[in-house]
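Student: everything below, folded, please.
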Amino acid sequence: MKKLIAVFALAGIFLGGCNTIAGAGKDIERGGEKLQGTAQETKQKM
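Tutor: As a prediction, the model looks like this:
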């Protein structure tokens, strides 16, 4: 029974970490898109 609980606990930690990493990746991607848009606007003004 203890082994089963340990397996579920590890699975929960692993799946929770994936969600966090995926969320961080999306945030970084959005930030990059904003930087790219600002760079293009600045380039057009020059």
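
Student: if I look at residue 32, what pLDDT would I see?
Tutor: With respect to pLDDT, residue 32 has a value of 90.

Student: need the three-state assignment for it.
Tutor: Three-state assignment for residue 32 (DSSP: H, G, I helix; E, B strand; the rest coil): helix.

Student: any stretches of the protein with poor pLDDT?
Tutor: Within the chain, the ranges that satisfy pLDDT under 70 run 13-19.

Student: mind listing the strands for it?
Tutor: Under the criterion DSSP state E, the chain contains no strands.

Student: could you pull out the helices in it for me?
Tutor: 2-45 (DSSP state H).

Student: how close does residue 40 get to residue 28?
Tutor: 19 Å (Cβ to Cβ, to the nearest Å). (Each C-beta comes from the backbone N, C-alpha and C, glycine too.)

Student: residue 42 now?
Tutor: Residue 42 sits 21 Å away from residue 28, going by Cβ to Cβ.

Student: same question, residue 39
Tutor: Shown here: residue 39 relative to residue 28, a distance of 16 Å by Cβ to Cβ.

Student: cool, residue 8 as well?
Tutor: In terms of Cβ to Cβ, residue 8 sits 31 Å off from residue 28.

Student: check residue 37 too.
Tutor: Plainly put, residue 37 is 15 Å away from residue 28 if you go by Cβ to Cβ.

Student: likewise for residue 12?
Tutor: Relative to residue 28, residue 12 is positioned 25 Å away (Cβ to Cβ).

Student: same question for residue 3.
Tutor: For residue 3, the distance to residue 28 equals 37 Å [Cβ to Cβ].

Student: appreciated, that's everything.
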